[in-house]
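Show me how the following folds:
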Amino acid sequence: MKIALDVMGFENKINEAILAARKFSKDYPGAKIVLVGHEGNIRPCLQASDNFEIVHCPESINMDDTPITALRKKDTSMLTAIKLVKTKKVDAVVSAGSTSCFVPLVQMNLGSINNVDKFGFMPYIPTTNKVGFNMIDVGANINVSGADLYNFALMANEYVRIVRKIHNPKIGVLNIGTEHHKGFAYHKEAFDLLKKNKYLNFVGFVEPKGLLDGAVDICVCDGFSGNICLKALEGALKSVGHILKQGYKKPWNWLGAAFSLPIITTLTRTFDYRNNAGAIVLGANGIAIKTHGSADAKQFYAALRMAYDCVENNLLHNIKHIKYE
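Take a look at the predicted model:
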């Protein structure tokens, strides 16, 4: 197995990507990492024991690039890494570069599977029951139909079932209420399509307030709603953490902090998104994983592990055999 790792165009130091690749290679000796980027920047970060293949690219896509400006650059690390998947020189691609450029480049170069019109961008989000859930879509598509949401659910179901090993994942459609009459026309269309499919464990509409408590294993939504919901959840968790940190800094709270330490540690570990900091582009004719633009070694490692699990479990083959709308 080979995984292309785009090591350019993200906000952190390139050494973070190299550190992750080094640890991953030790933990998964059957996987070979191909570092894609400017060789002059990569070489100083390597150790004598490293055995990485390097694909040199003089250009990179920056965070302020748009899909249009990205297309004008012909020799970028992101585009080259994606094309390595297209030409089957590698089995998957991982990047921390611009999401707004990554998804369109994946779509243009890898193409879609079967009758899937729109790709779904799907991350993992931790929950209080420590099972977590996947949310699709979180930004790739603002305008969707009920059939699009149905296809998102089908692809996500295969991922969660095959890669995350949850036998019969609960699927919910994000909405402003759980009643059938709530939402837009595409919500109701998706509801009816999902309800008819006896293969899926569809539980109906789900509200944002139940997501972190494990109401579903898969939350299906349009990219606009999903992105807002995801950022609201992340912001709320950060705010809670900030309040706790500031509160325990006060001298009269030190004793309480000492007794609360096990609970705080559990809370921190449970909601540390870096443990699963990767989002897959479902619908593409290839395995494409995107991690955070500010990714550190831990997040790159998580994204590489996600790519490995997808390839190892033959996810693409299984998704291709689904009957889509």
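
Show me what counts as buried in stretch 285-302.
Neighbour counts using 16 or more other CB atoms under 10 Å place 285-292, 295-302 of stretch 285-302 among the buried residues. For every residue, glycine as well, the C-beta is placed using N, CA and C.

Mind checking which of these land in strands?
Among those, DSSP state E puts 287-290 in strands.

could you dump the residues you listed to TSV with distance to S49 and pLDDT?
What follows is those, written out as TSV (distance: CB to CB, whole Å; pLDDT from 0 to 100):
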residue	distance to S49	pLDDT
I287	27	97
A288	29	97
I289	26	97
K290	29	95
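
where along the stretch 201-325 of the chain do the helices fall?
In the stretch 201-325 of the chain, the helices defined using DSSP state H, counting those that start in this stretch lie at 223-248, 254-270, 297-312, 315-320.

Is the most centrally placed residue in the chain bridged to anything, and to what?
Residue closest to the average C-alpha location in the chain (CA atoms, centre = their mean): A279, at 0.8 Å. On the basis of DSSP bridges, A279 is bridged to P123, K290.

and it, what does it touch?
121-124, 138, 289-291 (CB atoms under 8 Å, 6 or more residues apart in numbering).

Ok, M135 next?
M135 neighbours (CB under 8 Å, 6+ apart): 122-123, 125, 174, 211, 218-219, 221, 226, 229-230.

rerun that using 6 Å as the cut-off
Contact partners of M135, counting by CB atoms under 6 Å, 6 or more residues apart in numbering, are 125, 219, 226.

would it count as being in a strand?
Yes - under DSSP: H, G, I helix; E, B strand; the rest coil, M135 falls within a strand.

distance of it from F191?
18 Å (CB to CB, to the nearest Å).

With H292 instead?
For H292, the distance to F191 (CB to CB) stands at 32 Å.

can you list the domain ranges for the chain.
Per the record, the chain has its domains at 1-116+283-325, 118-277, by automatic domain parsing.

Worst mean pLDDT among those?
When the domains of the chain are ranked by mean pLDDT, domain 118-277 comes last with a mean of 86.

For stretch 82-95, buried residues please.
82-86, 90-95.

Looking at those, which are in helices?
Counting by DSSP state H, those place 82-86 in helices.

got the residue ranges for the strands in the stretch 51-200 of the chain?
53-56, 92-95, 120-125, 133-136, 170-174 (DSSP state E, counting those that start in this stretch).

about what we covered before: list just the nearest of the contacts of A279 to V311.
Nearest to V311, judged by CB to CB, of the contacts of A279 is I289 at 10.4 Å.

With V281 as the reference, measure out to the closest one.
Relative to V281, and taking CB to CB, I289 is found at 8 Å.

List the contacts of stretch 314-325.
113-116, 147, 150-151, 154-155, 158, 162-163.

Run the chain-centre distance for that stretch.
Centroid separation for stretch 314-325 versus its chain: 19 Å, with CA atoms, centre = their mean, to the nearest Å.

Begin at 787 from now on, thanks
With 787 as the first residue, the last one maps to stretch 1100-1111.

how about it: buried residues?
1101-1102, 1105, 1108, 1110-1111.

burial of I800, as a residue count?
Neighbours of I800 under the rule other CB atoms under 10 Å: 18.

mind listing what it touches?
793, 827.

For it, give its distance to D792.
Distance of I800 to D792, computed by CB to CB: 11 Å.
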